[in-house]
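Undergrad: can't give you the sequence, but here's the structure:
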Ligand SMILES: C[S@@+](CC[C@H](N)C(=O)[O-])C[C@H]1O[C@@H](n2cnc3c(N)ncnc32)[C@H](O)[C@@H]1O
């Protein structure tokens, strides 16, 4: 079988501290994840939660709420490197080493949680991940995904994006404030992906022309440098929902209270068995 490509390296994991929501869960999103975790735990005291990846915020969330959990991560080194961001250290038993595209293990779960999970996997593989989650679900399991989606193929120029930033969101870090718009500014709609290095090149051109400031440029540059050849996708909402609905009932579309909430909803799904 062809070896699956892995872009999430230990070097990315060890620089997790650089990232800001929406590229990691925000406090207001964690409140919602916690609400569902506690609600489900009150009905099923042996609730088993699967974290898709090794997101430190989710590991701490499960530990502080005394919820049993496993991280499903294809890279043990990332699980270990991300421990430095935990308030409560966890153990090897909290990890299942497996690719979301394979999930060749027996265990089933009552709840799956994930932040930007399919965002870091090619769109052509999304359905495989949905199918695998579905087949590792207990009856009535819930899946909560925070997921950046686009409504159409409109692209804005850096000029317009950063004018909006300066007028409306300058109290925030630019990376956090206009992440979504910058990702779409040079999106490859044919491949349905953005490439961090293309984005960096275009931001440099805008900086050299005086369209964006040094601060705006550097805040993106340091994170795109950390990610290297990383690709991310922001799929069309309609198409994403269509694929999801083969495996899940979409119970609720909600969000945190962050400025980007309309771009990155939290989807509460019930598994169709
Ligand atoms: C913090 S998590 C979840 C995604 C994250 N929010 C992001 O922005 O990339 C990242 C973890 O997911 C793991 N990961 C990425 N792709 C994976 C895959 N296809 N299967 C299993 N684990 C994967 C990485 O090894 C990393 O430790």
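TA: It's in. Model, not experiment: these values are computed from the prediction. Residues are numbered from 1 along each chain as shown.

Undergrad: list phi and psi for residue 268.
TA: Backbone geometry at residue 268, expressed as degrees, to the nearest 10, gives phi -100, psi 120.

Undergrad: so who does it touch?
TA: When contacts are counted by C-beta atoms under 8 Å, 6 or more residues apart in numbering, residue 268 touches 36, 142-144, 250-254. For the C-beta atoms, the positions are set from N, CA and C on the backbone; glycine is no exception.

Undergrad: for residue 100, same thing?
TA: 52, 72, 74, 117, 121, 129, 132-133.

Undergrad: residue 189 too?
TA: residue 153.

Undergrad: which pLDDT value does the model give it?
TA: With respect to pLDDT, residue 189 scores 98.

Undergrad: circling back: filter the contacts of residue 100 down to just the ones in strands.
TA: Counting by DSSP state E, the part of those found in strands is 52, 72.

Undergrad: before we move on, the earlier item: are any of the contacts of residue 268 buried, and if so which?
TA: 36, 142-144, 254 (16 or more other C-beta atoms under 10 Å).

Undergrad: and of the residues you listed, the nearest to residue 178?
TA: Residue 178 lies nearest to residue 254 out of the buried ones among the contacts of residue 268, by C-beta to C-beta, at 22.7 Å.

Undergrad: would you mind measuring from the nearest residue to that closest one once chain neighbours are set aside to residue 158?
TA: Counting by C-beta to C-beta, 6 or more residues apart in numbering, residue 266 is the residue found nearest to residue 254 once chain neighbours are left out, at 5.0 Å. Per C-beta to C-beta, to the nearest Å, residue 266 is found 29 Å from residue 158.

Undergrad: and what of residue 174?
TA: For residue 174 relative to residue 158 (C-beta to C-beta), the value is 11 Å.

Undergrad: what sits against whichever residue of the chain sits closest to the ligand?
TA: Closest contact between the chain and the ligand, by C-beta to the nearest ligand atom, is at residue 53 (2.6 Å). Taking C-beta under 8 Å, 6+ apart, we find residue 53 in contact with 71-73, 78, 114-115, 117.

Undergrad: if we use 10 Å, what do you get?
TA: Taking C-beta atoms under 10 Å, 6 or more residues apart in numbering as the criterion, residue 53 is in contact with 8, 13, 59, 71-75, 78-79, 82, 100, 113-117, 120.

Undergrad: can you list the domains in the protein?
TA: For the chain, the structural domains run 10-149+236-271, 158-232, going by automatic domain parsing.

Undergrad: let me have those in TSV, adding distance to residue 4 as columns.
TA: Output for the domains of the chain, formatted as TSV (distance: least, C-beta to C-beta, whole Å):
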stretch	distance to residue 4
domain 10-149+236-271	6
domain 158-232	14
